[in-house]
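Engineer: need coordinates for the following:
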Amino acid sequence: MYDVAERSGVSIATVSRVYRNPDSVRAETRDRVLDAARSLGYVPSGNARGLASRTTGVLGLCFPDYADPDAETGAEAEAEAEADDSAVMLYSDQIIRGMERAARRHGYALLIAASLVGGPESLVAKVAGRVDGFAVLAKTVPTEDLEVISRRLPIVMLAGPREIDHLDHIEVANSDGERELARHLIRDHGLRRLAFVGGERESPDAQARFRGYQEACREAGLPVADEPDLRAEMMTQAEGERTADALLDRAAGRERPEAILFANDQMAIGALHALERRGVRVPDDIAVTGFDGIPLSRIVRPSLTTVRQPMRRLGEEAVGLLIHRLADPTRAPVSLMLPVSVTRRSSCGCG
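Structural biologist: Numbering: from 1, shown residues only. Model prediction:
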């Protein structure tokens, strides 16, 4: 900074203002400072600025790394998606994109902690001391750890029911969306034998979706169990293939389901592969549905009927809540419920 000030003929304070509040410096002076900085290869130190302002200029996002290798390496999907780089983006990718764009608009960078290695506790230790606030996906960090960290940092919880009353919170209408999807299959397609493949018990979103499915079945007078027909260990394409095979094997010699509702799109896409391999036609023999509305759902064949949730908006709203909380730490906690919509495509017979 001293070198930039000397070369451009201004004070150190003026150099600082150019980077912190450029509109407060005359355009001619500002350009002279920036030209000097470029020629010297000068970049402002975020650490030094943070020491002065006690801020980092960084927001954090914590979520478990549920990357799906089948979605990332499928040759057919890659070929279909060549002209659309977003086609292989999954749920967490969309949230990251929404957060990153919103953070950039507010002058923040985004730090991501996405790993299950070493246990979720390590995520807090890695992120909390390096950010001004962070968003945490439900069930990623133990509640007691969040309570401690929230005493000094703004935290917004993403997805799932509200665990801590004094934290800002965003979720989507999971139960409503799955209920409307099941109603569509029952009322519009006349399907009566339905099966639901859920996620891990610890997934609040998957549990809420199962409750919506149960409500639709009860309304229609259909039998429904207290538990999903099958649960996936992880909500990936491989698990979708495994559970689809298991449901067909279980139904051997008996009437098989007329529709299988999966707790997310990744599993439903895996099921489409399994059903095709076994000569089961979708939707003629069995209808298949998912949840999330990931881009891949529209390019698989048949295209997937799903519930579309506003994943990017989830990330954008998280940044908005963090920015407001940083500006006013004493304001009342906010809880947002974002709407979802049923997208009807070929896999249920609507395409």
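Engineer: point out where this structure drops to low pLDDT.
Structural biologist: For the chain, residues meeting the criterion pLDDT under 70 lie at 43-54, 65-89, 115-126.
Engineer: tell me the domain ranges of it?
Structural biologist: With domains defined by automatic domain parsing, the chain comprises 2-44, 58-172+311-339, 174-309+343-348.
Engineer: most neighbours per residue, which of those?
Structural biologist: Across the domains of the chain, the average number of neighbours (mean count of other CB atoms under 10 Å) peaks for domain 174-309+343-348, which reaches a mean of 20. From N, CA and C alone the C-beta is placed, and that goes for glycine too.
Engineer: and that domain, end to end?
Structural biologist: 19 Å (CA to CA, to the nearest Å).
Engineer: repeat that for stretch 220-235.
Structural biologist: Terminal-residue distance, stretch 220-235 (CA to CA): 28 Å.
Engineer: can you offset everything so residue one is 36?
Structural biologist: Got it, the first residue is 36 from now on, which makes the last one we talked about stretch 255-270.
Engineer: next one: that stretch to chain centre, how far?
Structural biologist: Its chain's average C-alpha position is 23 Å from that of stretch 255-270, according to CA atoms, centre = their mean, to the nearest Å.
Engineer: now do stretch 131-144
Structural biologist: For stretch 131-144 - counting by CA atoms, centre = their mean - the centre lies 14 Å from the chain centre.
Engineer: neighbouring contacts of it?
Structural biologist: 92-94, 96, 124, 145, 147, 167, 170, 346-351, 353-355, 358 (CB atoms under 8 Å, 6 or more residues apart in numbering).
Engineer: dihedrals phi and psi, the nearest residue to residue 95 once chain neighbours are set aside?
Structural biologist: Sequence neighbours aside, residue 169 is the residue nearest to residue 95 in space, at 3.2 Å (criterion: CB to CB, 6 or more residues apart in numbering). Main-chain dihedrals, residue 169, degrees, to the nearest 10: phi -150, psi 160.
Engineer: report the separation between residue 169 and residue 134.
Structural biologist: Distance, residue 169 to residue 134, using CB to CB, to the nearest Å: 10 Å.
Engineer: joint contacts of the two?
Structural biologist: Jointly contacting residue 169 and residue 134 under the rule CB under 8 Å, 6+ apart are 94, 96.
Engineer: now, the contacts of stretch 131-144 that are in strands?
Structural biologist: Mapping those onto strands (DSSP state E) picks out 93, 94, 96, 145, 147, 170.
Engineer: who does the first one bridge with?
Structural biologist: Beta-bridge pairing of residue 93, defined through DSSP bridges, involves residue 144.
Engineer: wait, doesn't it sit right on residue 148?
Structural biologist: No: between residue 93 and residue 148 there is no contact under CB atoms under 8 Å: 11.8 Å.
Engineer: where exactly do the helices run in the stretch 186-335 of the chain?
Structural biologist: 209-218, 239-254, 272-285, 300-312, 331-334 (DSSP state H, counting those that start in this stretch).
Engineer: among those helices, which comes closest to residue 174?
Structural biologist: helix 239-254 (6.5 Å; CB to CB).
Engineer: mind checking how far that closest one is from the chain centre?
Structural biologist: For helix 239-254, the distance to the chain centre is 20 Å (CA atoms, centre = their mean).
Engineer: list the contacts of it.
Structural biologist: With contacts defined as CB under 8 Å, 6+ apart, helix 239-254 is touched by 173-174, 194-196, 206-207, 209-218, 221, 229, 231, 233-236, 258-259, 263, 270, 296, 298-299, 326.
Engineer: and the angle for it with helix 300-312?
Structural biologist: Here helix 239-254 points in a direction 60 degrees away from that of helix 300-312 (axes from the mean of the first three to the mean of the last three CA atoms, to 10 degrees).
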